[in-house]
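In: next comes the sequence, and after it the predicted model I'd like to discuss.
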Amino acid sequence: MRRTLGEIARSLGGTLGGPEELEVDRVAHPSACGSGAICVWFAEGAPPELPEGAACVVGEDAAPPNGPHIRVPTPKSALAELLRLLHPEAPPEPGVHPTAVVSAAAEIGADVHIGAHTVIGAASIGARCIVGAQSYLGDGVTIGEDTRLFPRVTVLDGCTIGARVRIHSGTIIGADGFGYEPGPEGLVKVPQVGTVVVEDDVELGASVAIDRATLPGTATVVGRGTKVDNLVQVGHNVRVGQMAVICGLAGLAGSCTIGDGAVVGGAVGIRDHIEIGAGARIGGKAAVTRSVLPGEDVMGHPARPVQEHLRIQAALSRLPEVLRRLRALEKAAGGTDDPQA
Amino acid sequence: MRRTLGEIARSLGGTLGGPEELEVDRVAHPSACGSGAICVWFAEGAPPELPEGAACVVGEDAAPPNGPHIRVPTPKSALAELLRLLHPEAPPEPGVHPTAVVSAAAEIGADVHIGAHTVIGAASIGARCIVGAQSYLGDGVTIGEDTRLFPRVTVLDGCTIGARVRIHSGTIIGADGFGYEPGPEGLVKVPQVGTVVVEDDVELGASVAIDRATLPGTATVVGRGTKVDNLVQVGHNVRVGQMAVICGLAGLAGSCTIGDGAVVGGAVGIRDHIEIGAGARIGGKAAVTRSVLPGEDVMGHPARPVQEHLRIQAALSRLPEVLRRLRALEKAAGGTDDPQA
Amino acid sequence: MRRTLGEIARSLGGTLGGPEELEVDRVAHPSACGSGAICVWFAEGAPPELPEGAACVVGEDAAPPNGPHIRVPTPKSALAELLRLLHPEAPPEPGVHPTAVVSAAAEIGADVHIGAHTVIGAASIGARCIVGAQSYLGDGVTIGEDTRLFPRVTVLDGCTIGARVRIHSGTIIGADGFGYEPGPEGLVKVPQVGTVVVEDDVELGASVAIDRATLPGTATVVGRGTKVDNLVQVGHNVRVGQMAVICGLAGLAGSCTIGDGAVVGGAVGIRDHIEIGAGARIGGKAAVTRSVLPGEDVMGHPARPVQEHLRIQAALSRLPEVLRRLRALEKAAGGTDDPQA
């Protein structure tokens, strides 16, 4: 998509330094920004040398680039907008593919795309949704407007997806929660008859698994605007708040609660029934065994407050030395309690 | 499904305190148990105040509720039975969907359901099985009676699934094990020509991966009654015993053995060729690098016996203090070995 | 597949000790090697007693077996070759299944197999490829010759797969990377408009997720000959070198680099923007928070050089004892700083 620097500067709300009419057609990395491309510079130091016909977006305090540029307050945010401007998504055309198997009881909104080999039960799909090829929507599923499911997404019976949600391939919403009780002949399954609610503006990565709640009339919830990365497990009855971030391979065990705006790092494990406060941040691969206060930062295995964790890790590196020094003191004191001395 | 309290009390084997003919049609959480609903109380303290028309299941020692109730020995187990009574699963009707691609060599039992866009090779499917939409069964696959595969389950060539098994969406049974040998031009693949056996009464969560064994005539095995949660990896040649529990995101590396009744916590990693004894319990996110004895409880990274792990973790919190005290002693003794003092 | 010992000895480049014309038709475990089978012995001690009609492959220094055998330099490598000889893969026949939905713009090479219920966009598929049932290839996808996708593989728009690649079921290539920037009304998505390149001779396990790069013209790369196990997450802009090994449930966060020949253990987590040097080895479940030098071995949580990790773990087991000994010294010195004494 070709755009002039003038159009781009107006879209970004930035100040143009260069010819209004220069056209660019793509975003590039600063190290590979050729003629017709525009890059975004948010690292330290001077912006790169630009060849003829290239342009650069820089922060307000950056050194002046050697060519056409646009100054903006936050270049990192400008990158997102710039990618959207020059590389807009090309969604598939509306229409129901002839190989789709769609229940007569389904309610399909205006301008919906339903891809090849999809299976759609008695679901309700909002206007302008895209249901990718080979996806499955069960009976009683509701999907809000402008939501996009990529190919091969599974939403099982009774689950609700909001508007402007984006769900990547392989994700499974509404499988049974993991609940059993001991019985005389082994484990007895606790039926899982609740549902899942994914609120508006959520994005779910590839191969995420969100289990349905246990009790009827209840739901596992992912709150508005929350972003979930690939291969994350969300157990039954979990409640994730709004605008939270859950990174890849994290596991949220049953009935835990993640507060608004919390950040859960990659491969973090959170024990069942734990409460993570709003705005808390859990470092990557932490094992969270106790509730975390709002705004608290924890890390480690088991997770501790960040400062305590770092102090302990620093001391740990000196632990072999501590043993040596202790032995020296004991020797000087005329004896030792060291069972290995 | 409407049921009278009398019917429910008889099904639960409980003692009715209230009108035999009162009807309820759903299970509710004790905090939201309205007219026509029944809840189960197994927390501490007094049961909740019930509105007119509601009922409650309580333990034998619980304080008397203010309304109709049923006393049972173990309310938690009663919850499972109650959910089954009032919210029975509604499986799809028997029949083969016209879009299913079924090999002429497949043997399909009586009253089997085969969903839309499935692909079925020369497989044998027992009576009353449900094969969810978009599932794939390879050649030589055998499935016992009354087994349910949810949409989008993959069972590759030659694998065997027992009776009354329940497999959730996205699960892949029988992909190649991860075996390579160094060769002159890089890694050489060791062909994986064994199979997978999933025994009776197993439940597998969403997006589980169970690899096939290496040698012909051998199998990776998941034993009778074992329950496996979402996103679990079971490597080639692994043998999981009966009635074991494997929680979400756990990884069982190749050739390890999990004993009967063992419990593997969420996101646990078990090294290859490790043996976990019967009834052992592995705490969530543990890194198991040595075999675990029958009945032993371990946790941590690396995994240690629980008591030792807890002692070490308690001492760890005091480690920075240990360094201070050691320095004080050294100073008093007239010198220091502290390389950083 | 029946083969004579003479044929097998020639294929393995080994020395035959026994009748050239003896036929075997399968590989067996040494403990179950019956008549007509051949096993490979690479454990310590004497090879097993063989029944009439069985044979054994042994190392050059092994004690002589009691029956027909073949001596080879590296029996473990011979196992791979032997499995390939006696249990060759039986790939499906070339041809496009009538239920496949194939774009008119797709370019399909000679002798390609395209399975049932696949969906193929304007993709280019090399000669002799196998595209398993229910797979999805988006527009602009390119696949080299002799590549095999098992059922239910997803390759999204614009991604490139090399020759002789093997991708197992459930794997998703080219979902959006996980990139957001804070905005006035919450997180703003950074569009992900790069692609993924999977080079020649790579194998990817089941339910792997490899995200597309952020910038146009850039790619997340998995290098030639690298092997990736099940349920691995590869973030956007990651570059995995050649002949690397990434074990199950590992997570490579965005923009990290894995050098040639590196080995990443199971369930390892690697922080974003980290560099793992060529030939480095990361122990299972390690949490890697700093770059790792070429050839370095690290393990633990957080990851440390192996020797340091082992010293610390050994000292840790003695930490409760350290506290006791410290208290004894303080008491002898006439006082204590122990806040809990």
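Out: Received the coordinates, thanks.

In: which residues of the stretch 51-200 of chain A lie near chain C?
Out: Within the stretch 51-200 of chain A, the positions adjacent to chain C are A:74, A:76-77, A:79-80, A:83-84, A:87, A:89, A:97, A:99, A:115-117, A:133-134, A:150-152, A:166, A:168-170 by C-beta under 8 Å from any C-beta of the partner chain. Glycine gets a C-beta too; all of them are placed from N, C-alpha and C.

In: show the buried residues in those.
Out: A:77, A:79-80, A:83-84, A:87, A:97, A:99, A:115-117, A:133-134, A:150-152, A:166, A:168-170 (16 or more other C-beta atoms under 10 Å in any protein chain shown).

In: so which of these belong to helices?
Out: Under the assignment DSSP state H, these contribute A:77, A:79, A:80, A:83, A:84 to helices.

In: which residue packs closest to the third one, ignoring adjacent ones?
Out: I take that to be residue A:80. Counting by C-beta to C-beta, 6 or more residues apart in numbering or on different chains, the nearest residue to residue A:80 once its immediate chain neighbours are dropped is residue C:190, at 4.4 Å.

In: the one you found contacts residue C:178, correct?
Out: No - at 9.3 Å, residue C:190 and residue C:178 do not qualify as touching, with contact defined as C-beta atoms under 8 Å.

In: which one's more surrounded, those two?
Out: residue C:178 (27 against 23; other C-beta atoms under 10 Å in any protein chain shown).

In: okay, and the more buried one sits in which element?
Out: Counting by DSSP states H and E, no helix or strand carries residue C:178.

In: go on, the one 3 residues further on?
Out: Taking DSSP H and E as the definition, one finds residue C:181 inside strand C:180-183.

In: which residues are in contact with the helix or strand following that strand?
Out: For strand C:180-183, the following helix or strand on the C-terminal side (DSSP H and E) is strand C:186-189. Residues from elsewhere that reach strand C:186-189, judged by C-beta atoms under 8 Å, 6 or more residues apart in numbering or on different chains: A:77, A:80, A:166, A:201, A:203, A:225, A:227, A:242-243, A:245, C:179-182.

In: same check on stretch A:294-309?
Out: Contacts for stretch A:294-309 (C-beta under 8 Å, 6+ apart): A:259, A:265, A:277-290, A:292, A:312-313, B:285, B:300-301, B:313, B:317, C:287, C:301.

In: could you do stretch A:215-224 as well?
Out: Residues outside stretch A:215-224 that contact it (C-beta under 8 Å, 6+ apart) are A:160, A:162, A:177, A:193-202, A:204, A:210-213, A:228, A:234-244, A:260, B:26-29, B:32, B:83, B:87.

In: and it, end to end?
Out: Taking C-alpha to C-alpha, to the nearest Å, stretch A:215-224 runs 22 Å from one end to the other.

In: list the buried residues for it?
Out: Buried residues in stretch A:215-224 (16+ other C-beta under 10 Å): A:215, A:216, A:218, A:219, A:220, A:221, A:222, A:223, A:224.

In: now do the top helix by length along chain A: which elements does it pack against?
Out: Determined from DSSP H, the single longest helix within chain A is helix A:319-332. If you count contacts as 3 or more C-beta pairs under 8 Å, 6 or more residues apart in numbering or on different chains; DSSP states H and E, helix A:319-332 packs onto helix B:319-332, helix C:306-316, helix C:319-332.

In: same list, those helices, but as CSV with mean neighbour count and mean pLDDT please.
Out: What follows is the helices and strands packed on helix A:319-332, written out as CSV (neighbours: other C-beta atoms under 10 Å in any protein chain shown; pLDDT from 0 to 100):
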stretch, mean neighbour count, mean pLDDT
helix B:319-332, 18, 88
helix C:306-316, 16, 93
helix C:319-332, 18, 88
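
In: dump these to TSV, plus distance to residue B:69.
Out: Output for the helices and strands packed on helix A:319-332, formatted as TSV (distance: least, C-beta to C-beta, whole Å):
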stretch	distance to residue B:69
helix B:319-332	53
helix C:306-316	52
helix C:319-332	50
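
In: nearest to residue C:125, of the ones you listed?
Out: Residue C:125 sits nearest to helix C:306-316 of all those, at 44.2 Å, using C-beta to C-beta.

In: centre of the chain to the closest one, how far?
Out: Chain-centre distance of helix C:306-316: 28 Å, with C-alpha atoms, centre = their mean, to the nearest Å.

In: give me the distance between the closest residue to residue A:290 other than its chain neighbours and residue B:318.
Out: With sequence-adjacent residues excluded and distances taken as C-beta to C-beta, 6+ apart, residue A:290 is closest to residue A:274, at 6.9 Å. Distance, residue A:274 to residue B:318, using C-beta to C-beta, to the nearest Å: 25 Å.

In: number of residues surrounding residue A:162?
Out: For residue A:162, the count of nearby residues is 22 (other C-beta under 10 Å).

In: can you tell me how far it sits from residue A:103?
Out: 22 Å.

In: likewise for residue A:97?
Out: Residue A:97 is 15 Å from residue A:103, by C-beta to C-beta.

In: also residue A:211?
Out: Distance of residue A:211 to residue A:103, computed by C-beta to C-beta: 24 Å.

In: show me the contacts for residue A:311.
Out: Applying C-beta under 8 Å, 6+ apart to residue A:311 gives the contacts residue B:320.

In: returning to that earlier point: pull out the buried members of the contacts of strand C:186-189.
Out: Here, 16+ other C-beta under 10 Å leaves A:77, A:80, A:166, A:201, A:203, A:225, A:227, A:242, A:243, A:245, C:179, C:180 buried among the contacts of strand C:186-189.

In: let me know the closest of those to residue A:144.
Out: Distance to residue A:144 across the buried ones among the contacts of strand C:186-189 (C-beta to C-beta) is lowest for residue A:201, with 9.7 Å.

In: ok, for the closest one, nearest residue in space, not its chain neighbours?
Out: Nearest to residue A:201 is residue A:225, by C-beta to C-beta, 6+ apart, at 4.5 Å.
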